[in-house]
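>>> got a predicted model here, sequence first, then my questions.
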Amino acid sequence: MPERESLLSLDKEILIDMLEDQAKNWLAHDGLWFQKVERRFGIQTAIELDKEAWIEFTQLEARRIMKRHGIKPGGGLEALRVALGFRLYARINEQSIHYIDERNLRFEMNECRVQTARKRKGLADFPCKGPGLAEYAYFANTIDPRIRTRVIACPPDPHPDSYYCAWQFTLEDDVVPQDQLLGEGYQNLLLE
């Protein structure tokens with residue numbers, strides 16, 4: 001990789017700051033892209049294209065995290081818990097993860113840069129439930145195809161002040177085929 005030696009010479013704190021900057025830049029690009037598509041084609045088309053992009057990106061991100069950190073495929077909820085901590089979002093958003101029991105893991109996005117910025121501007125929460133379900137379902141399925149994803153709450157759903165969105169991951173005995181990840185009612189989420 002270019003400039004690898006110059007990066008190796010930097011202080012660890014600088015590298016961490018740079019990683020956070022990269023995550024913020026990535027999120028800014030994602031938001032700007034979405035706004036451009038929304039202005040040209042409307043909110044429903046923008047959300048549908050956003051969902052499609054998240055399906056592909058989140059699988060790529062999961063595979064890279066697994067490779068970088070030695071997470072074995074099919075590692076269950078513990079592999080998912082570890083991988084969620086290495087996502088780009090984890091660098092810039094406050095999140096919490098805890099086990100409900102041995103077959104269920106709960107993930108909460110306690111502070112979301114996108115939603116916090118909207119709140120600061122006096123705007124309603126961004127309705128990210130449809131793309132969010134695609135994102136988390138495909139991320140979890142890439143880590144272990146036995147994991148099913150269920151939304152607990154995600155905008156436009158009402159949510160407590162303690163989180164913007166919450167997800168439950170359940171480890172099943174059987175593999176969940178990718179064509180079944182989003183279920184029959186998924187299209188209705190995109191229309192909310």
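Received, thanks. Because the structure is predicted, anything quoted here is derived from the model rather than measured.

>>> alpha carbons only for contacts and neighbour counts from here, please
OK.

>>> separation between residue 110 and residue 15?
For residue 110, the distance to residue 15 (CA to CA, to the nearest Å) stands at 25 Å.

>>> same check, this time on residue 172
Distance from residue 172 to residue 15, by CA to CA: 39 Å.

>>> ok, now residue 58?
Distance from residue 58 to residue 15, by CA to CA: 24 Å.

>>> so who does residue 164 touch?
Counting by CA atoms under 8 Å, 6 or more residues apart in numbering, residue 164 touches 108, 109, 110, 111, 112, 115, 153, 154, 155.

>>> just these: which are in strands?
108, 109, 110, 111, 153 (DSSP state E).

>>> is it possible to export these to a markdown table including pLDDT and neighbour count?
As requested, the ones in strands among the contacts of residue 164 are exported to a markdown table (pLDDT from 0 to 100; neighbours: other CA atoms under 10 Å):
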| residue | pLDDT | neighbour count |
| --- | --- | --- |
| 108 | 98 | 20 |
| 109 | 97 | 20 |
| 110 | 97 | 16 |
| 111 | 96 | 18 |
| 153 | 96 | 18 |
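
>>> which of the residues you listed sits closest to residue 127?
residue 153 (11.1 Å; CA to CA).

>>> just for the protein, where's the confidence low?
In the prediction, the chain carries residues with pLDDT under 70 at positions 1-2, 183-192.

>>> helices of that one, start to end?
Using DSSP state H, the helices of the chain run over 4-8, 12-41, 43-69, 76-84, 113-120, 129-143, 186-191.

>>> rebuild those as CSV, extending it with mean neighbour count and distance to residue 99.
Formatted as CSV, these follow (neighbours: other CA atoms under 10 Å; distance: least, CA to CA, whole Å):
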stretch, mean neighbour count, distance to residue 99
helix 4-8, 9, 37
helix 12-41, 13, 27
helix 43-69, 17, 20
helix 76-84, 20, 9
helix 113-120, 14, 25
helix 129-143, 24, 15
helix 186-191, 13, 26
